[in-house]
Structures are given as structure tokens and as C-alpha cells.
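1. 3D model of this:
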Amino acid sequence: MAISTAQSAMLPLDHSLFLLLNADAATPATVVAVAKWLTLVLPMVLGGTIIGALMFAPAPVQRDLLVTVAGIGLAALVAYAIRQHWPMPRPSQLDWGIQWITHTERAAFPSMHATQIFALAQGLLLSTHIREMPRGRLVIALTWVCALAIGWSRVCLGLHSPSDILGGAILGVAAASIAALAGRRLALTARGRSSAYSSHPAHP
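-> Down below sits the predicted model:
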């Protein structure tokens with residue numbers, strides 16, 4: 001993949017941060033194992049949890065989750081478009097550090113993992129009914145911890161550079177915020193129509 005002038009200017013700092021976070025031969029095997037679990041298993045656990053909540057949670061929480069899922073979808077679509085039109089190489093293609101798990105050489109920026117997990121964390125943060133649940137704030141805080149941990153794991157395992165993670169985080173937060181704003185406006189519009197109908201009942 002060709003590297004643009006802007007990308008070349010980012011490489012020195014990106015490279016330094018990458019080497020600081022990327023696991024090397026001296027890294028304890030436990031750290032690498034944890035990073036692999038965070039990258040390969042935790043996203044599936046979170047996805048299954050969201051699916052379960054969509055099936056069994058109270059209706060207001062389900063509506064908040066649907067808006068959050070919409071934000072994740074929007075973030076993923078934009079990330080895919082960026083990858084197609086502005087491809088950036090992965091660390092292994094630049095001969096940086098060590099890549100600890102096999103991965104295809106698809107465009108790296110922004111990290112799709114980071115994009116989606118940060119969209120989830122931001123979507124939950126902006127979900128009124130989820131925040132008001134008895135343990136809602138704890139769930140939101142843990143999701144943000146998961147987002148940071150997954151982002152770290154992608155760099156630790158040599159799959160992404162720090163800028164890939166940062167770009168995904170910014171995109172995910174932005175897309176989730178847009179989806180939340182759109183969801184609130186739609187809800188207000190629906191309430192307004194319902195109130196207008198109830199205040200002018202049809203005559204027999």
C-alpha cells in the first residue's frame with residue numbers, strides 16, 4: 001500500500017508508541033494470552049450480551065440498545081469506506097514489531113474493532129434508560145474499560161498501530177453520538193404526534 005505524505009509524518013510517533021505497547025520476546029506469556037482473549041473472545045461475549053439484552057430487557061432499554069446498534073452499524077460503514085478510499089498498511093507490512101496472531105493484510109485504518117467497541121461504549125453512555133438502571137452506570141463504566149482493553153490488545157498483538165486505534169475510537173464515538181441525537185429527535189417527534197392526536201380525539 002502506498003503511504004501518503006500525511007501518513008509519513010505520523011509514522012515516527014506512531015512507531016514509537018507501537019513499540020512501547022507491542023509485545024516482544026521478553027513479554028510474559030500471560031500478557032500475550034490476555035491480549036489474545038481480549039481480541040478474540042471478549043468482542044463475542046459483548047455481542048452475545050447485547051443480543052440477549054435485546055431479547056429480554058425492558059422495552060425502553062431495548063429501544064436504547066437499538067439506537068446503540070444503529071450507531072455501531074453507522075461507524076462500521078464509515079470505517080469500511082475509509083479503508084477502501086484511504087488504505088493504510090498494518091504494522092507487519094511496515095516490518096514493525098511482532099504480530100502474534102495470523103491476520104489478513106486488509107487496510108488497517110481505522111481499526112474496526114476499536115470503531116465498533118467505542119461506538120458501543122459511547123452509545124451506552126448516551127442511553128438514558130440504561131444509565132438509570134440499578135447497575136447501569138457500572139455496566140457503562142465496564143464497557144469503556146473493555147473498549148480501552150481491546151484497543152490495547154490490538155496494538156500489543158501487532159495487529160494495529162496506535163493511530164489506527166485512535167482513529168477508530170474517534171469514529172466510533174462520533175457515530176454513536178450522531179445515532180443517539182437522531183434517536184432522541186425521532187422520539188420527540190413521535191411523542192409530539194402522539195400528544196397532538198390525543199389532544200384532538202376523533203369525533204364519533
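
2. I'd say V69 and I50 touch.
-> Yes: V69 is in contact with I50 according to C-beta atoms under 8 Å; the separation is 7.0 Å. All C-beta spots, glycine's among them, are computed from the backbone N, C-alpha and C.

3. Tell me where the model's unsure across the chain.
-> When residues are selected by pLDDT under 70, those of the chain lie in 1-11, 190-204.

4. buried set for the top helix by length along it?
-> Scanning the chain for the longest helix, with DSSP state H as the assignment, gives helix 162-199. By 16 or more other C-beta atoms under 10 Å, the buried positions in helix 162-199 come out as 162-169, 171-177, 179-180, 183.

5. helices or strands up against that helix?
-> If contacts are counted by 3 or more C-beta pairs under 8 Å, 6 or more residues apart in numbering; DSSP states H and E, helix 162-199 sits against helix 5-21, helix 59-85, helix 112-125, helix 136-156.

6. Pick the most buried one from those helices.
-> Stretch with highest mean neighbour count among the helices and strands packed on helix 162-199: helix 112-125 (a mean of 26; mean count of other C-beta atoms under 10 Å).

7. Now do the contacts for the nearest residue to L126 once chain neighbours are set aside.
-> Excluding the flanking residues, the one nearest L126 by C-beta to C-beta, 6 or more residues apart in numbering is A180, at 4.0 Å. The contact partners of A180, by C-beta atoms under 8 Å, 6 or more residues apart in numbering, come to V67, T68, G71, Q122, G123, L126, S127.

8. And A180, how far from L20?
-> 34 Å (C-beta to C-beta, to the nearest Å).

9. Also A175?
-> 29 Å.

10. Likewise for G183?
-> 39 Å.

11. so can I have JSON lines of the helices and strands packed on helix 162-199 showing distance to L94?
-> Listed next are the helices and strands packed on helix 162-199 as JSON lines, based on distance: least, C-beta to C-beta, whole Å:
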{"stretch": "helix 5-21", "distance to L94": "8"}
{"stretch": "helix 59-85", "distance to L94": "17"}
{"stretch": "helix 112-125", "distance to L94": "19"}
{"stretch": "helix 136-156", "distance to L94": "13"}
